[in-house]
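A.B. asks: What follows is a predicted protein model with its sequence.
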Amino acid sequence: RMLLALSAISFAPRPPVAARLPAGAALPKLIVFDLDNTLWTPELYQVARRVKAAPVAGRDVKLFPAAAAALHEIDTCDRWE
């Protein structure tokens, strides 16, 4: 399971993407994300300039809502096992 704290993020009630695909549709075996400005904002080099300690999720770095929803689905939807 993911080590991200997604429980504090509210998700719009939508069926998982995997559930909306046709029966038998193949899912990728590997998903790669470009992290900065894809999953969160700001980019970490920008945070490093203004924060002396390690950045804190939710305060210094914010997940994009769609990225959080995608990570939540990958983590919780059985079809992604």
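C.D. replies: Alright, I've got the coordinates.

A.B. asks: Mind giving me the packing neighbours of the longest helix belonging to the chain?
C.D. replies: Counting residues, the longest helix found in the chain (DSSP state H) is helix 65-76. On a contact count with 3 or more CB pairs under 8 Å, 6 or more residues apart in numbering; DSSP states H and E, helix 65-76 meets helix 17-20. For glycine as for every other residue, the C-beta is placed from the backbone atoms N, C-alpha and C.

A.B. asks: how about the helix it packs on: buried residues?
C.D. replies: Within helix 17-20, no residue is scored as buried using 16 or more other CB atoms under 10 Å.

A.B. asks: for stretch 62-80, same thing?
C.D. replies: Applying a neighbour-count criterion of 16+ other CB under 10 Å, one finds Leu63, Ala67, Ala68, Ala69, Ala70, Leu71, His72, Glu73, Ile74 buried in stretch 62-80.

A.B. asks: Check stretch 29-47 too.
C.D. replies: In stretch 29-47, residues buried by neighbour count (16+ other CB under 10 Å) are Leu39, Trp40, Val47.

A.B. asks: From these, pick the one nearest Ala26.
C.D. replies: Ala26 lies nearest to Leu39 out of those, by CB to CB, at 24.0 Å.

A.B. asks: List the residues that contact the closest one.
C.D. replies: Neighbour list for Leu39: Phe33, Leu63, Phe64, Ala67, Leu71 [criterion: CB atoms under 8 Å, 6 or more residues apart in numbering].

A.B. asks: out of the buried residues of stretch 29-47, which are inside strands?
C.D. replies: In this view, the buried residues of stretch 29-47 that belong to strands under DSSP state E are Trp40.

A.B. asks: Tabulate the buried residues of stretch 29-47 (a markdown table), appending pLDDT.
C.D. replies: Output for the buried residues of stretch 29-47, formatted as a markdown table (pLDDT from 0 to 100):
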| residue | pLDDT |
| --- | --- |
| Leu39 | 89 |
| Trp40 | 88 |
| Val47 | 83 |
